[in-house]
Structures are given as C-alpha cells and as structure tokens.
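**Student:** everything below, folded, please.
(one chain, ligands or ions: 1)
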Amino acid sequence: TREEPHYFGAGPAALPTSVLQQAAQDLINFKGLGLGIGEISHRDKNAINVIDETKSKLIELLEIPDTHEVFFLQGGATSGFSAIATNLLAHHAKKTGKRGKASYVITGGWSSKAYEEINRFGIESEILSNSKEIYGSFGKIQPFEEWNKPSEDSAFVYYCDNETVHGVEFPFVPQYENVEIVADLSSNILSKKIDVSKFGVIYAGAQKNVGLAGITIYIIKKSLLDQANDQELRDLSLPITPISFHFPTVVKQNSLYNTIPVFTVQILNLVLGKLIKDGGLNHQEALNLQKSSNLYDILDKYSDFYSLPVDKEFRSKMNVIFKTPSVELEDKFLEGAKEVKLTGLKGHRSVGGLRASLYNAVTVESTELLINFVERFAQENK
Ligand code: PMP
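**Tutor:** Next up is the predicted model:
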C-alpha cells in the first residue's frame, strides 16, 4: 500500500489506491485462475468478460444510446488523430462517392497537433476557428456563431473538449445539421455528464481521468461504420486506414481484432466500477466543480500575485493553469509545495508556469491542501 498521494500531474495521473490494490491482485491471480489477467488469452472468456463489463459500465455512466458503439484501441489518443480522419473520410466517400474535407477548431496544443497530423496525410482540411490567430493566445474560444461554416463537402468537425496544456475547456458542444462532430475528451472524459447523441465520435486516452496509458476509449455513431472499401478509396486517392485502426473491423471483432492489453482494460473496468458505486457522474461532476471553483476562487482572490491566462468562461475544471510573478517564484512554489507533499504542479514545458490537474481521482482533501498552500504562498511572497 502507500500513503495517499496529493499528486496533481497532468497525465499519467493518480488513480484510486483501492483500484490499484485490486489491479495488483488481478495481475498476479485473476479470479482464482492461478494466472494473471495479463497472461491469459485475450480470447479467453475471462478476458472477453472484462471487455464486456467495461463497455457496459461506460454505457451506463455516459448513458450511451443504442445509436452508438463503444470500442477500445491501443496507440493512445495521438494515433486517433489520423485514424479518425481516415475512417470518417471513408464513410463520407461511401455516402457521397467523393473525397471529403476535414474541418478543425483550434483552441490549444492538442487540437493543433491533431490538425498537423492529418495534414501529414495529405487530407484536405480547413480551419473553422483558431483562437491563437484571433486573440493572440490560447485563452479563449471564439463564439460559435462567429466560426467559419464548414464547407459543403466537410466530413466532420473536430475539436478538443479540454485542452490539457492550455487549460481551456468547452462550455458548449458545437452542432451542425449535416456534419458529424468529433471530440477529443482525453483529459475530461467521465468528469461530467455529456449528451453522447450530439457526437459522431468521442475518443479519449485513458491515462488521465480513468486509467492507465495503453488503451483509448472510442464511442462512435454506428452509421459511421459504413465505409468505402480499399479499392474505392484508392480510386479517390484517399488514405487507407491500417487494419488495426479500421473501426468497422475492430467493432465487428468486439475490440479483439488484435491483442488488446486486457490488464489495462481491467483497470478501466475497476475505475468505472468505483465511479458507479460512488454515485456516478452527477456525484463526480459536483465534486469536480467544487474542487476547481474553490481553487480558481483563491487564485482570483490573489490576482495581484497569480495570473491566469484563460478567460473565466473557458477555464478547465480539470487543468488549472496559473503563473506567479517570476520564474524564480515558480521554482520556489514548486519547492515549497513539495515540502508539504503536493506534487506534479509544474506547467507543460511548452507554456511554463504552473498547472494543477484535478482529475477524478484527486480528492477534495488534496485540493484543499493545495488551496491552503496557494494562499499561504501568495501571502508570504507578495
Ligand atoms: N489529446 C489530449 C487532450 C491530451 O491531453 C493528450 C495527452 N496528453 C493527447 C491527446 C495525446 O495522448 P497520447 O499521449 O495518449 O497519445
């Protein structure tokens, strides 16, 4: 076991100790089989149960409608940048017989990376809104009415619901009549209730809010699994998706087309089980709101000392970004925090400053300790 950590790392992030304890047992001897969950065949019924249980818990927690399918892939969210684009363009090709375009909304580092990646594939693309170009930095989201409209041949509109590096979270879900919405929820999935029916694809790497690195959750509208075949794609000069990322194949095989890391899925299963037992998303969302608003309140109270780069309306409830007046004070903050066992607070290397990630497993108690430290540090260093 371990002393309860007060860890605010952005990802991989802390998981509940009770989950890790159960997982450690499962890794050695799963349900008395005499073998660990990572050692049995991924096609064994015990492994299939783990996948099915995890899927049904996701369906329960997110109230996923019948129109949508859940599956899991390896490769992290990064591999989803291209996989989603090639799969959705293949659907668009099937539907229209034409090459489609991909539309992006750029609100921070992760949506930027997704956009860069599809350009490497030579996919035709357009930007509907780019916060940095409009406002000079990533601290705001342009009002939806002011975005460029997606072109007629747009296959999907892509956005990142919570920008982990820049601390910007969407307070709304963009909606169009004829274009599918794709959202990266890697750093806020299961932190709040969402209306899954509004999305064509939701995806999320597990290692921040819900599990370990090594598994990515996908929720897809079933109609998008109807795709042009390889020859049709070649005829349209569209990229062909590697088979292990080909959504129709993976879904058909219940996420078992190739070897899935079952242990990593089992951790997800345990985390979801705990979430349900503790009161589901209503309860978790209320806790997350309490944690983040208490922390933002204290940072605002000392706004002559701390600066916050994100506009109030778009402040992330998961990744709280702030700065002290100097780099020296930042180092002193990190040192002082460490002395009282508060860790993982350094900002992303690309933006500097400080970042407190308040994922589901970060308790109200840990957050209160951080809030006390933030206040004391301002009072002593103003
Ligand atoms: N999207 C977001 C919002 C992220 O925070 C991250 C990881 N920090 C990624 C994508 C990339 O995830 P991975 O490292 O699992 O590829």
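**Student:** and the stretch 101-250 of the chain, which residues reach the ligand?
**Tutor:** Along the stretch 101-250 of the chain, the residues adjacent to the ligand under the rule C-beta under 6 Å from any ligand atom are Trp110, Cys160, Thr164, Asp184, Ser186, Ser187, Gly205. Every C-beta, even on glycine, is put in place using the N, C-alpha and C of the backbone.
**Student:** ok, which stretches of this structure are strands?
**Tutor:** 6-7, 68-73, 101-106, 125-130, 154-160, 162-163, 168-169, 180-184, 201-205, 216-221, 319-322, 342-343, 354-357 (DSSP state E).
**Student:** thinking again about what came up before, what's the most distant pair in the residues of the stretch 101-250 of the chain next to the ligand?
**Tutor:** Greatest spacing in those, by C-beta to C-beta: Cys160 and Gly205 (11.9 Å).
**Student:** next, count neighbours for Val310.
**Tutor:** By the measure other C-beta atoms under 10 Å, the count of residues near Val310 is 24.
**Student:** burial of the residue in the stretch 1-150 of the chain positioned nearest to the ligand, as a residue count?
**Tutor:** The minimum distance from the stretch 1-150 of the chain to the ligand, using C-beta to the nearest ligand atom, falls at Gly76 (2.8 Å). For Gly76, the count of nearby residues is 16 (other C-beta under 10 Å).
**Student:** number of nearby residues for the nearest residue to it once chain neighbours are set aside?
**Tutor:** Spatial nearest neighbour of Gly76, excluding adjacent residues (C-beta to C-beta, 6 or more residues apart in numbering): Gly205 at 5.1 Å. Other residues within reach of Gly205, judged by other C-beta under 10 Å, total 28.
**Student:** what is Gly205 paired to in the beta sheet?
**Tutor:** Taking DSSP bridges, one finds Thr216 as the beta-bridge partners of Gly205.
**Student:** I'd say it and Ala213 touch.
**Tutor:** Yes. At 6.9 Å, Gly205 counts as touching Ala213 under the criterion of C-beta atoms under 8 Å.
**Student:** list residues touching both of those two?
**Tutor:** Gly76 (C-beta atoms under 8 Å, 6 or more residues apart in numbering).
**Student:** hang on, the earlier thing: could the strands of the chain go into TSV alongside mean pLDDT?
**Tutor:** Putting those into TSV (pLDDT from 0 to 100) gives the following:
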stretch	mean pLDDT
strand 6-7	98
strand 68-73	98
strand 101-106	98
strand 125-130	98
strand 154-160	98
strand 162-163	98
strand 168-169	98
strand 180-184	98
strand 201-205	98
strand 216-221	98
strand 319-322	98
strand 342-343	98
strand 354-357	98
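**Student:** Lys132 versus the closest residue to Phe170 other than its chain neighbours, what's the distance?
**Tutor:** The shortest distance from Phe170 to any non-neighbouring residue, by C-beta to C-beta, 6+ apart, is to Asp161 (5.0 Å). Distance, Asp161 to Lys132, by C-beta to C-beta, to the nearest Å: 18 Å.
**Student:** alright, that wraps it up for me.
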